[in-house]
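1. sequence and predicted structure, then a few things I'm wondering about:
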Number of protein chains: 2
Amino acid sequence: VTERVLVLGADGAGMSAAHQALRVAARTGRRLEVVVLERSGHTSYSACGLPYWLAGDVASGDALVARTAAEHRERGIDLRLGAEAVGIDLDRRRVSVRYVDGAAGDEPFDQLVVATGSRAAVPPWALAADGRPVPGVRALRTLDDGAAWLATLEGAAGRQPRTGVVAGGGYIGLETAEAFLRRGLDTTLVTRGEVMGSLDPDMGARVRQELVKAGVTVLHGSEVDGVDVGAGGAVAAVLAGAHRIPADVVALGLGAVPNSGIAAEAGLAVGSFGGLLPDARQQVADGVWAAGDCCESTERHGGRRVYVPLGTHANKQGRVAGENLAGGDVRFAGVLGTAITGFAAGGVHVEIGRTGPTLAQAAEVAADLVSLVTESSTSAGYMPQSSPIAVKVLADRRSRRLIGMQIVGGPGSGKRIDTAAAAIWGGMTVDDVAAMDLSYAPPFSPVFDPVQIACRRTADLLDGDSAGR
Amino acid sequence: VTERVLVLGADGAGMSAAHQALRVAARTGRRLEVVVLERSGHTSYSACGLPYWLAGDVASGDALVARTAAEHRERGIDLRLGAEAVGIDLDRRRVSVRYVDGAAGDEPFDQLVVATGSRAAVPPWALAADGRPVPGVRALRTLDDGAAWLATLEGAAGRQPRTGVVAGGGYIGLETAEAFLRRGLDTTLVTRGEVMGSLDPDMGARVRQELVKAGVTVLHGSEVDGVDVGAGGAVAAVLAGAHRIPADVVALGLGAVPNSGIAAEAGLAVGSFGGLLPDARQQVADGVWAAGDCCESTERHGGRRVYVPLGTHANKQGRVAGENLAGGDVRFAGVLGTAITGFAAGGVHVEIGRTGPTLAQAAEVAADLVSLVTESSTSAGYMPQSSPIAVKVLADRRSRRLIGMQIVGGPGSGKRIDTAAAAIWGGMTVDDVAAMDLSYAPPFSPVFDPVQIACRRTADLLDGDSAGR
């Protein structure tokens, strides 16, 4: 018999699940029919690349498409674009579908993969009275968003925007601010707390200072609570507390919301972030799997539920779901919350890396923490490319385990977070990292890598030798 | 009572030992007098920075000095420059000293640290009949070498060199070839085997192709066996088998030789590389310690003796020696052989990282290995800075442990080796690396980091799924 696998969503998680299921089935001789339903007209594209398309680094939206629909189909997947799942009946094993042409249908499944992704958070102030976004206000989440933004920035609306406001100081906010600045917009970033809320505030402040140096106006500790519209109904200014900031365009960088609605309506549990709650095998119910941005994830150490909508996890979780539904038995090993971004505009180049919990997050679960910020340089101090780097280490005082790291620094800083991620992944201590054999040559590092120096200092601090190395 | 600690050599290993001993003594109340004897007139400088001084990146030799003699003395170290240890009497606990002014003396010790470093290997063909180097032929090992090279390259000998030969295709060879090319010399690199002998030949060949692209003439599988001198006695050409290569200057990049002579004469054991053989506490005899380039090191996994003369190990080993001689009990945790370098000239930018044994080295100790080269890109493929990167993974087939990695690729490639080094340090498998939470954003990485892709593919290969991900 052939089992029918229905996948909802054709981005990273869904397509990884689909391909892995077929791969395993080919190996084991199991017979699977894999049908993927995708609401939009696109599949497998890099949402993370959208800000760079806006900035002018990427030639076209097509360049962001990792694999075309045709390529997926060649590999044996029955991919249906413009097909939105609008209801799941777990008992009858059927999904109700609405097609882009208005038709409706019903698809049976033996096994189901929910990979419906996430959408941009849109606050009430961004919506006009008709419930649609105020013209000039938009998130940057989909290929369609990207195309619309590009048209706007190139003056398609009959005016060349000169002022831009970015609401939100996280990854997308920062990257969009870079794109705005590089396109010559007078740019203001408004963020509720400190810039880069996924960092501790002291590290976020370092990023903010670089943005300001680059010429971005930063309103931190402030929140957009309204817009003024002009004669044509398009946005004219943003209101944030007592501030009124002229704005020809407003980008929404206020985070992502899991698309878990139809799964929740079908009776599947969602967590405090609104995401589905798969087990380590990515299963949410008998024969029902979930992966990617529509799910909450589990921290590798401690097992706390977190919401980290990132392509890396989506792909891995999809692969796990696909392997298991085809008869395998593998587990998603959890997340650390590793992330990287940068801001390169206005003569500034700052890179940001982070992994593990922030100090505030860690304090919720661990009693006795030590944290230390160590400043060093990206290269040997005498090299022309040497630039400052600050590394914040978070460690458990008793076990001396490294539990988190945050990096803010010049070119070459960000990817260093992977060394810490590997160490945390393996449960290593700050002493382990201080002892490690890491690479050194003057163009690339001081004699000891900044990550290692920071762990060495933290170890010394734990030893009570605050004089350090 | 005050114990007298005598340190031979005032570079990384010796000064780390001296400072750490004083630091521990200050904490524990132990009374130590620390005397450091240094043959040369310099202390604590970055030998690794010399090629970049030549290339023009570093303003002066002084910039390479990490800490001046005065700074060391301010911290309580009795540092004596121009004082060469010429004999060690372990029974009488005395070192014979010859001073730069011709005087001789005798220094007693309670504990001794041998940190005499290494010297450049100088082959017979590089020496004139009087036993001194042929004018125009020189290594690049000391500050004095650096100053002499700079003078030569700037035409101090009355002629502006136009052709340069580099003998040796390792780190120093590559970096010196870069310096030559950047100074406009017609540059030839002669190397016995493949370029970068610390890589497997297939990866070394990738580096060679980049050098050739940049305009370096590479003679590989060839060895310099003589020189022709001109009228004034200076070098005019290099002979390598059937080749005669015109050469106004010749740089020796043929490796380092441990300065273990006086220690060996005193009866201390040396290994097959000619280096001292300290235990994990850096002890070589009762109250006698050794650290840095005069020593062989121990591989972290397997315990094989290797010779890896690098500042990173020297500093760590010195610190371990200093801590232990002052009453501590710490251990040097071994080396992986992690290293990085690059070549950036002639429109080429290639970076090289390596850690763990090569395939040939690993095959000596492990029976069943798998190795795989995976090509990917340094950034998301659609980003302008994306460039090719090749990652070679070496893993144990049975345990699936990652045991080595080699990377050759464009800007941003080299430092990725640290992720592998951390994983190997912690004894992780290729599956662990494939599952890890590493950082991703389009300017910095494809969705999966090249290191991770390479481990994923290797894991798939081990699974018999050669179709890969």
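-> Perfect, thanks for sending it. These numbers were taken from a predicted model, which means no experiment stands behind them. Numbering: from 1, shown residues only, chains lettered A, B, ... in the order given.

2. go through stretch A:118-136 and flag the buried ones.
-> A:118, A:120, A:121, A:122, A:125, A:126, A:133, A:134, A:135, A:136 (16 or more other C-beta atoms under 10 Å in any protein chain shown). For every residue, glycine as well, the C-beta is placed using N, CA and C.

3. next one: stretch A:65-83
-> For stretch A:65-83, burial by neighbour count (16+ other C-beta under 10 Å) applies to A:65, A:66, A:69, A:72, A:77, A:78, A:79, A:80, A:81, A:83.

4. among those, which are located in helices?
-> Assigned to helices by DSSP state H, the following of the buried residues of stretch A:65-83 qualify: A:69, A:72.

5. so which of the buried residues of stretch A:65-83 is the closest to residue B:238?
-> Of all the buried residues of stretch A:65-83, residue A:66 has the smallest distance to residue B:238: 50.6 Å, by C-beta to C-beta.

6. what's near enough to touch that closest one?
-> Counting by C-beta atoms under 8 Å, 6 or more residues apart in numbering or on different chains, residue A:66 makes contact with A:44, A:45, A:46.

7. now with 6 Å, please.
-> Contacts here follow C-beta atoms under 6 Å, 6 or more residues apart in numbering or on different chains; on that basis residue A:66 touches residue A:44.

8. could you measure from it over to residue A:19?
-> Distance, residue A:66 to residue A:19, using C-beta to C-beta, to the nearest Å: 12 Å.

9. turn the buried residues of stretch A:118-136 into JSON lines, including secondary structure, distance to residue A:197 and pLDDT.
-> Output for these, formatted as JSON lines (DSSP: H, G, I helix; E, B strand; the rest coil; distance: C-beta to C-beta, whole Å; pLDDT from 0 to 100):
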{"residue": "A:118", "secondary structure": "strand", "distance to residue A:197": "17", "pLDDT": "97"}
{"residue": "A:120", "secondary structure": "strand", "distance to residue A:197": "16", "pLDDT": "96"}
{"residue": "A:121", "secondary structure": "coil", "distance to residue A:197": "13", "pLDDT": "96"}
{"residue": "A:122", "secondary structure": "coil", "distance to residue A:197": "18", "pLDDT": "96"}
{"residue": "A:125", "secondary structure": "helix", "distance to residue A:197": "19", "pLDDT": "96"}
{"residue": "A:126", "secondary structure": "helix", "distance to residue A:197": "19", "pLDDT": "97"}
{"residue": "A:133", "secondary structure": "strand", "distance to residue A:197": "23", "pLDDT": "93"}
{"residue": "A:134", "secondary structure": "coil", "distance to residue A:197": "25", "pLDDT": "96"}
{"residue": "A:135", "secondary structure": "coil", "distance to residue A:197": "28", "pLDDT": "94"}
{"residue": "A:136", "secondary structure": "coil", "distance to residue A:197": "25", "pLDDT": "95"}
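
10. could you dump these into CSV and include distance to chain B?
-> Below are the buried residues of stretch A:118-136 laid out as CSV (distance: C-beta to the nearest C-beta, whole Å):
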residue, distance to chain B
A:118, 16
A:120, 18
A:121, 20
A:122, 23
A:125, 28
A:126, 25
A:133, 25
A:134, 29
A:135, 28
A:136, 26
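
11. would CSV of those with distance to residue A:283 be doable?
-> As requested, the buried residues of stretch A:118-136 are exported to CSV (distance: C-beta to C-beta, whole Å):
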residue, distance to residue A:283
A:118, 20
A:120, 28
A:121, 28
A:122, 31
A:125, 39
A:126, 36
A:133, 37
A:134, 42
A:135, 44
A:136, 44
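
12. residue nearest the centroid of chain A?
-> Nearest residue to the geometric centre of chain A (C-alpha atoms, centre = their mean): residue A:310, 3.8 Å.

13. which residue is the nearest non-sequential neighbour of the closest residue to chain B within the stretch 101-250 of chain A?
-> Going by C-beta to the nearest C-beta, chain B is nearest to residue A:171 of the stretch 101-250 of chain A, at 7.5 Å. Spatial nearest neighbour of residue A:171, excluding adjacent residues (C-beta to C-beta, 6 or more residues apart in numbering or on different chains): residue A:341 at 4.9 Å.

14. convert the C-alpha atoms of the helix or strand the one you found falls within to PDB, please.
-> Here residue A:341 sits within strand A:339-345, counting by DSSP states H and E. The C-alpha coordinates for strand A:339-345 follow below in PDB (Å, rounded to 0.1, in the frame of the first residue of the first chain):
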ATOM      1  CA  ALA A 339      22.000  34.100  15.800                       C
ATOM      2  CA  ILE A 340      24.100  36.500  13.800                       C
ATOM      3  CA  THR A 341      23.500  39.800  12.100                       C
ATOM      4  CA  GLY A 342      25.300  43.000  11.100                       C
ATOM      5  CA  PHE A 343      24.900  46.600  10.200                       C
ATOM      6  CA  ALA A 344      27.100  48.000   7.400                       C
ATOM      7  CA  ALA A 345      26.200  51.400   6.200                       C
END
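
15. what's the neighbour count on the nearest residue to residue A:384 once chain neighbours are set aside?
-> Closest residue in space to residue A:384, ignoring its immediate chain neighbours: residue B:57 at 5.4 Å, by C-beta to C-beta, 6+ apart. The local packing of residue B:57 (other C-beta atoms under 10 Å in any protein chain shown) involves 20 other residues.

16. okay, residue B:57: pLDDT?
-> For residue B:57, the pLDDT comes out at 95.

17. right, and it touches residue A:385 too?
-> No: at 8.4 Å, residue B:57 does not count as touching residue A:385 under the criterion of C-beta atoms under 6 Å.

18. quick check: pLDDT value at the residue nearest to the centre of chain A.
-> On the pLDDT scale, residue A:310 is placed at 94.

19. that one and residue A:168, how far apart?
-> For residue A:310, the distance to residue A:168 (C-beta to C-beta) stands at 17 Å.

20. report the mean confidence score over whichever strand or helix holds residue A:460.
-> Assigned by DSSP H and E, residue A:460 belongs to helix A:450-462. Averaging pLDDT along helix A:450-462 gives 97.

21. repeat for stretch A:206-218
-> The average pLDDT for stretch A:206-218 rounds to 98.

22. ditto for stretch A:39-50
-> Stretch A:39-50 comes out at a mean pLDDT of 91.

23. residues contacting that stretch, please?
-> A:10, A:15, A:58, A:64-67, A:69, A:81-82, A:84, A:140, A:143, A:146, B:380, B:442.

24. can you check stretch A:430-450 too?
-> Stretch A:430-450 is contacted from outside by A:376-377, A:379-380, A:383, A:389, A:391, A:395, A:400, A:402, A:423, A:452, A:455-456, A:458-459, B:48-49, B:52, B:311-312, B:333, B:335-336, B:338-342, B:353, B:414-415, B:417-418, B:421, B:425, using C-beta under 6 Å, 6+ apart.

25. so which of these are in helices?
-> Short answer: the contacts of stretch A:430-450 in helices (DSSP H) are A:423, A:452, A:455-456, A:458-459, B:52, B:311-312, B:417-418, B:421, B:425.

26. from these, which is closest to residue A:5?
-> residue A:423 (37.9 Å).

27. for the closest one, the count of nearby residues, please.
-> When neighbours are defined as other C-beta under 10 Å, residue A:423 has 27 of them.

28. pLDDT wise, what is it at?
-> pLDDT recorded at residue A:423 is 98.

29. what sits against the closest residue to residue A:256 other than its chain neighbours?
-> With sequence-adjacent residues excluded and distances taken as C-beta to C-beta, 6+ apart, residue A:256 is closest to residue A:118, at 4.0 Å. By C-beta under 6 Å, 6+ apart, residue A:118 lies in contact with A:256, A:257, A:258, A:259, A:293, A:309.

30. bridging residues for the first one?
-> Spelled out, it's residue A:256. With DSSP bridges as the criterion, residue A:256 is bridged to residue A:120.

31. that one touches residue A:310, doesn't it?
-> No: with contact defined as C-beta under 6 Å, residue A:256 does not count as touching residue A:310 (9.7 Å).
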